[in-house]
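Engineer: my questions concern the predicted model and sequence given below.
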Amino acid sequence: SQQGEEDPQALSIQEGENATMNCSYKTSINNLQWYRQNSGRGLVHLILIRSNEREKHSGRLRVTLDTSKKSSSLLITASRAADTASYFCAQTQGGSEKLVFGKGTKLTVNP
Amino acid sequence: EAEVAQSPRYKITEKSQAVAFWCDPISGHATLYWYRQILGQGPELLVQFQDESVVDDSQLPKDRFSAERLKGVDSTLKIQPAELGDSAMYLCASSLGYGGQGNSPLHFGNGTRLTVT
C-alpha cells in the first residue's frame, strides 16, 4: 500500500528555475523522508524531517512539513540538468515502523 | 563512500524458473530491506531483517518468495517459480539503526532488473 501521493506526477523546467514537488499523506507520521532516483539506479536519501519540525534545508534543497494539512513540499532552487530524476517521499505510517513510498514525481531539467 | 552491493544487475528468466538475487549491505548496518519497484511506481517493502531475524515480511508472497540473512550480513532473495508479474526492479537497502525504518535513512543498492518471459 502506498501512503503518500506526490504531485505533480511529472514536471519539466529549464535549468536555473526552481522546482517544487508536493507530497500528501493520509495518517499520522513519525517523520517524512525524501529520496531521489536516477533512471535505472537505486534511491538516494535527501532529507529526513521529523514530525515536530516545520522546515529543513540542505544545500539547494528546502523541505517543509505541515502536519495539520498532512503535506510536505520539496523545493529545489537553481535547478541543474543533473537534478533530472524521480523524487519520492516516504513516511512511517501511524504506529507502524514500515517506511512507505509514494509513486514519485518525475523531474526533467532542460539545459 | 560505502555502498550497498547487489547482483546480478540484470536477470532474464523464463516463467516457472527459479531466480535468486544477492545483497551485501553497508558494513555495520543491522537492518536490511528488500523492496520491489514496478516501473512508474514507488518501492514496496517485501521483507525487513534486523540482524538475521525477519521483522516484517507481511508483503512477501510466501508461496513463491523466500529471503534469508543467515549470518546477519549479506542476504539472498529467491523466487520459485517466477511468474510474468514478477518483472520489476528488486532493490536492497540497509540502515544503521535498530527499532524500525522511520528514524534512519535507507541506503539503497542499484537493484536487480528482473524480466520474466
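Structural biologist: Alright, I've got the coordinates.
Engineer: give me the neighbour count for the closest residue to residue B:86 other than its chain neighbours.
Structural biologist: Counting by CB to CB, 6 or more residues apart in numbering or on different chains, residue B:116 is the residue found nearest to residue B:86 once chain neighbours are left out, at 5.2 Å. C-betas here are computed from N, CA, C, even on glycine. Counted with other CB atoms under 10 Å in any protein chain shown, residues neighbouring residue B:116 total 20.
Engineer: now do the same for residue B:116: its pLDDT.
Structural biologist: For residue B:116, the model assigns a pLDDT of 98.
Engineer: can you pull the contacts of it?
Structural biologist: Taking CB atoms under 8 Å, 6 or more residues apart in numbering or on different chains, we find residue B:116 in contact with B:13, B:14, B:15, B:82, B:83, B:84, B:85, B:86, B:87.
Engineer: got it, and residue B:48?
Structural biologist: Per CB under 8 Å, 6+ apart, neighbours of residue B:48: A:98, B:31, B:32, B:33, B:34, B:54, B:55, B:56, B:57, B:101.
Engineer: check these for burial and list the buried ones.
Structural biologist: The neighbour-count test (16 or more other CB atoms under 10 Å in any protein chain shown) marks A:98, B:31, B:32, B:33, B:34, B:55, B:56, B:57, B:101 as buried among these.
Engineer: can you list which of the residues you listed are found in strands?
Structural biologist: Under the assignment DSSP state E, these contribute B:31, B:32, B:33, B:34, B:55, B:56 to strands.
Engineer: kindly report the residues of chain B close to chain A.
Structural biologist: B:4, B:40-45, B:48, B:56, B:91, B:93, B:99-103, B:105-111, B:113 (CB under 8 Å from any CB of the partner chain).
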